[in-house]
Every structure is written in structure tokens, then in C-alpha cells.
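Undergrad: can't give you the sequence, but here's the structure:
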């Protein structure tokens, strides 16, 4: 895929299942280093997967390949995943709370209600709080958080410039009362995410 700066996936971008099947294995291998540089772990069990055109194209192709829902499914997938492609003035992440043990996972999620409202990107000391995707409420009435969240980090022109400046400290943080952690964003991950931002 050469459309790194393209902001929307259309039906024309999607390969027929037979064609996708031919390249599927090779494409998944190519995606491994791309995803690796877009992954940020924070604390013991929270991970951010920063999305772009390529990751969302792959997600849609995989969903169509697995579920084989045809045109109707394609329409739904485009509606679901196009909003997660960064628009040039934001970063977009799938935020996951990953705990294998179901009992412990349930216990922890009940401690983490509204965690999506406490997540921020810090650029040269300036905090930019995440804006959760508004598709559904991610905390239940009894205070249990979802294990998956979709987050936008909108950036101003000056914040984008600071993001690109290697001298600026860059951190991702969660300041929930039951889960307070910070991770540095550096090296190849910082470079990859800077590529999501337009001039």
C-alpha cells in the first residue's frame, strides 16, 4: 500500500477475497514491524496500538476475509474503521487492557471505570487529553470499564512541531486513581507516529 497519507479507505481500496488470500500471509509478515513501531505498553497490562491507513486497511480486509459478509459488511467496516485513520492533525489509538485470566480481568475492569477520560499525551510538558470515540459508552452503569477503547489525540500546529522536535520530551500517561503509569515514546515509535502528522 502506497497511500500512507490517504485519510479514508473506500470500496475501491479493498481487494476481492481471492486476491487478498494470495497476498494475506506475506502482507501479515510485512505488517509485523509496522505494528511493532506503533505499539506502546504502559504499566503492567495496558497497551496502545496507534492506527493508520495501513493498519485499518488490514483490519477491514481481515474482517471481510474471516466473516465473508460481502458488500453489506464492507459498508459497516468502512463506517467503523475510517474514523480511526488519523487526519493529519491527530494521533489515533486502540487502547486495550490485556489480562489473560478472566477472573482477574473482570476484577480489574471494575476498578477502572472511565479510564479513557484520564489518558493523555505529554509533549514538552504540555498535556493533551485523549478524546474517546463516541460510538458507545465504554463504562457500564456499575462502573466496569471496557477492555477496548478508541482514542483520538488532537494536536495544534505548535504541538505537532514539538512532537517532531527530538529535544521535546514525549510521554503517554494514564492518571486513573487505580492505574497511574507513564511511558516514554522514543526512537522508531516516535518516528512512526510523527509520520501520521501533516505539515
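TA: Looks like it arrived, so ask away. Note that the coordinates shown come from a computational prediction; the quantities given were computed from them, not determined experimentally.
Undergrad: could you name the helices and strands sitting against the lowest-mean-pLDDT helix or strand in the chain?
TA: The weakest-scoring helix or strand in the chain, judged by mean pLDDT, DSSP states H and E, is helix 70-81 (a mean of 90). Secondary-structure packing of helix 70-81 (3 or more Cβ pairs under 8 Å, 6 or more residues apart in numbering; DSSP states H and E): helix 53-67. Just so you know, the C-beta spots here come from the backbone N, C-alpha and C atoms, and that holds for glycine as well.
Undergrad: could you pull out the buried residues of the helix it packs on?
TA: Judged by neighbour count (16 or more other Cβ atoms under 10 Å), helix 53-67 contains these buried residues: 53, 54, 55, 56, 57, 58, 59, 60, 61, 63, 64.
Undergrad: show me how far the longest helix along the chain is from its chain's centre.
TA: If each helix of the chain is counted by residues according to DSSP state H, the longest one is helix 17-36. Relative to its chain's centre, helix 17-36 lies at 19 Å (Cα atoms, centre = their mean, to the nearest Å).
Undergrad: now the helices for the protein?
TA: For the chain, the helices identified by DSSP H occupy 17-36, 53-67, 70-81, 102-109, 157-164, 187-194, in order along the chain.
Undergrad: any idea which of the ones you listed gets closest to residue 175?
TA: When those are compared for distance to residue 175 using Cβ to Cβ, the nearest one is helix 102-109, at 16.7 Å.
Undergrad: pLDDT weak spots in the chain?
TA: Counting by pLDDT under 70, the chain shows low-confidence ranges at 1-6, 135-136.
Undergrad: find the residue at the geometric middle of it.
TA: Central residue of the chain (Cα atoms, centre = their mean): residue 93, 2.1 Å from the mean position.
Undergrad: residues in contact with it?
TA: With contacts defined as Cβ atoms under 8 Å, 6 or more residues apart in numbering, residue 93 is in contact with 48, 49, 50, 51, 130, 150, 151, 153.
Undergrad: same check, this time on residue 24
TA: Taking Cβ under 8 Å, 6+ apart as the definition of contact, the neighbours of residue 24 are 61, 65.
Undergrad: ok, now residue 173?
TA: Under the criterion of Cβ under 8 Å, 6+ apart, the contact partners of residue 173 comprise 42, 119, 120, 121, 122, 127, 181, 182, 183.
Undergrad: same check, this time on residue 99
TA: Neighbour list for residue 99: 45, 105, 108, 147 [criterion: Cβ under 8 Å, 6+ apart].
Undergrad: equivalent analysis for residue 115, please.
TA: In this structure, residue 115 makes contact with 97, 145, 149, 174, 176, 179, judged by Cβ under 8 Å, 6+ apart.
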